[in-house]
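Enquirer: Structure of the sequence below:
(2 chains)
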Protein chains: 2
Amino acid sequence: MAAVTAPKQDRSRATRQRLLEAAVSCLAEHGWAGSTVAVVAERAGVSRGAAQHHFPTREDLFTAAVEYVAEERSQALRALPARDREEAVAGIVALYTGPLFRAALQLWVAAAHEDQLRDRVAELEARVGRESHRIAVELLGADESRPGVRETVQGLLDMARGLGLATLLTDDTTRRERVVSQWARLVGEALDG
Amino acid sequence: MAAVTAPKQDRSRATRQRLLEAAVSCLAEHGWAGSTVAVVAERAGVSRGAAQHHFPTREDLFTAAVEYVAEERSQALRALPARDREEAVAGIVALYTGPLFRAALQLWVAAAHEDQLRDRVAELEARVGRESHRIAVELLGADESRPGVRETVQGLLDMARGLGLATLLTDDTTRRERVVSQWARLVGEALDG
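Expert: Numbering: from 1, shown residues only, chains lettered A, B, ... in the order given. Sure, this is the predicted structure:
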């Protein structure tokens, strides 16, 4: 039995993964209003029936997609070798400037006025936020038992999110690099001082 | 002549202002997809023809609305008496946590995938961003001729924007106050040190 079902499970997993990746690109490029299960199924080269088998509702598909890619990104960041503070801050900021952040932002902003999304996205955001915080603490070698350190790291993550938002419409890489370099210094002093 | 035309101009200005305020609330509550000239005209109690006289296109209305309210907020912030660093940082962060920021965010995120909005919103954002920067420098008493000070202030504004984004779905006032208090200290040390 196992020999027969395993390839089927593999195919099913591959289909699911293609749908999730197509959903993230679709959200990032077209926003929530332009993102439906049908559009994503076509993009992924999957039948609509198969897409609905994996994700019964539009909300299921897009929240799962953002969560899936967020996990992939987190794992990649955790797997990087130890590095200095400025590289750590740059790595954290990079979490918020790619297509995943664009997709998450579209979902997040839609959730502000779509009741069926709101609770799910708030819950997803809290989960992803806690994970980002854990990774940041690790990469920075921050000791959260010291007063102010937790809030220093939180503010840094808020700054990274704001930088990601600024990058949405215009490429401000030069400005971002300068801010990252200066804030890495401030964070370093706060963590060591 | 002046006596006859003045009240007409006043009425016209009042109509314009009602439309701008209704447009900001509409964007904040319903997002770009749910925001049209017709919806705003009805909300403002103005005929659709009058609305179109003031703002020929949907893009005209909503970019003007965000700019108008941003100017109102800036003036209010500038008019506040001199204060300590923590109050200054709290005042700057407050710029990004109200209905104006919600409205601007909806416009901004829509502009990422709507070509007719993109350039106008990027330009508007740059203008409002420069003004926020000037106000922040003033409130903080920051000397931008010193190295790193400009980037410290920019990072603080990015952090304020990120905190605003975090407030979109859940009320995290307690967390925000702690982050503001800690970063007011770090920014203060960076500006004075």
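Enquirer: ok, is the lowest-mean-pLDDT helix or strand in chain A in contact with chain B or not?
Expert: Within chain A, no helix or strand scores below helix A:2-30, which has a mean of 87 by mean pLDDT, DSSP states H and E. Yes: Helix A:2-30 is in contact with chain B by C-beta under 8 Å from any C-beta of the partner chain, via A:Glu29, A:His30. Placement of C-beta: from N, CA and C, glycine included.
Enquirer: quick one: buried residues of that helix?
Expert: Neighbour counts using 16 or more other C-beta atoms under 10 Å in any protein chain shown place A:15-16, A:18-30 of helix A:2-30 among the buried residues.
Enquirer: C-terminal to the helix or strand hosting A:Glu131, what's the next element?
Expert: Secondary structure from DSSP states H and E places A:Glu131 in helix A:115-140. With elements assigned by DSSP H and E, the helix or strand that comes after helix A:115-140 is helix A:149-166.
Enquirer: So which elements touch the helix or strand where A:Leu100 lies?
Expert: Following DSSP H and E, one finds A:Leu100 within helix A:99-111. Helix A:99-111 sits against helix A:2-30, helix A:58-79, helix A:115-140, helix A:149-166, helix B:99-111, with contacts defined as 3 or more C-beta pairs under 8 Å, 6 or more residues apart in numbering or on different chains; DSSP states H and E.
Enquirer: Serialize those to TSV and add fields for distance to A:Ala41.
Expert: As requested, the helices and strands packed on helix A:99-111 are arranged in TSV below (distance: least, C-beta to C-beta, whole Å):
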stretch	distance to A:Ala41
helix A:2-30	7
helix A:58-79	9
helix A:115-140	20
helix A:149-166	29
helix B:99-111	24
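Enquirer: To A:Ser47, which of those helices lies closest?
Expert: Among the helices and strands packed on helix A:99-111, helix A:2-30 comes nearest to A:Ser47, with 9.6 Å by C-beta to C-beta.
Enquirer: Can you tell me what sits against the helix or strand that the least confident helix or strand of chain A is followed by?
Expert: Sequence order places helix A:37-44 as the next helix or strand after helix A:2-30, per DSSP H and E. Residues from elsewhere that reach helix A:37-44 (C-beta atoms under 8 Å, 6 or more residues apart in numbering or on different chains): A:15, A:18-19, A:21-23, A:25-26, A:30, A:47-48, A:50-52, A:55, A:57-58, A:61.
Enquirer: 10 Å instead?
Expert: For helix A:37-44, the surrounding residues in contact (C-beta atoms under 10 Å, 6 or more residues apart in numbering or on different chains) are A:15-27, A:29-30, A:36, A:46-52, A:54-58, A:60-62, A:65.
Enquirer: ok, back up a step: and which of the buried residues of helix A:2-30 is nearest A:Val128?
Expert: Using C-beta to C-beta, these come closest to A:Val128 at A:Val24, 13.3 Å.
Enquirer: so who does the closest one touch?
Expert: So A:Val24 contacts A:35, A:40, A:62, A:65-66, A:68-70, A:72, A:99-100, A:102-104, A:106-107 (C-beta under 10 Å, 6+ apart).
Enquirer: Farthest pair within those residues?
Expert: Among the contacts of A:Val24, A:Ser35 and A:Glu72 lie farthest apart (C-beta to C-beta), at 19.4 Å.
Enquirer: Please identify which of the two sits among more neighbours.
Expert: A:Ser35 (27 against 15; other C-beta atoms under 10 Å in any protein chain shown).
Enquirer: The more buried one and chain B: what is the separation?
Expert: Distance, A:Ser35 to chain B, using C-beta to the nearest C-beta, to the nearest Å: 10 Å.
Enquirer: before we move on, the earlier item: and of the helices and strands packed on helix A:99-111, who's closest to B:Arg83?
Expert: When the helices and strands packed on helix A:99-111 are compared by C-beta to C-beta, helix A:149-166 sits nearest B:Arg83, at 20.1 Å.
Enquirer: Just after the closest one, pick out the following helix or strand.
Expert: helix A:173-192.
Enquirer: sorry, back to before: next one: the least confident helix or strand of chain A to chain centre, how far?
Expert: Counting by C-alpha atoms, centre = their mean, to the nearest Å, helix A:2-30 is centred 18 Å from the centre of its parent chain.
Enquirer: so where's chain A uncertain?
Expert: For chain A, the stretches flagged by pLDDT under 70 are A:1-5, A:82.
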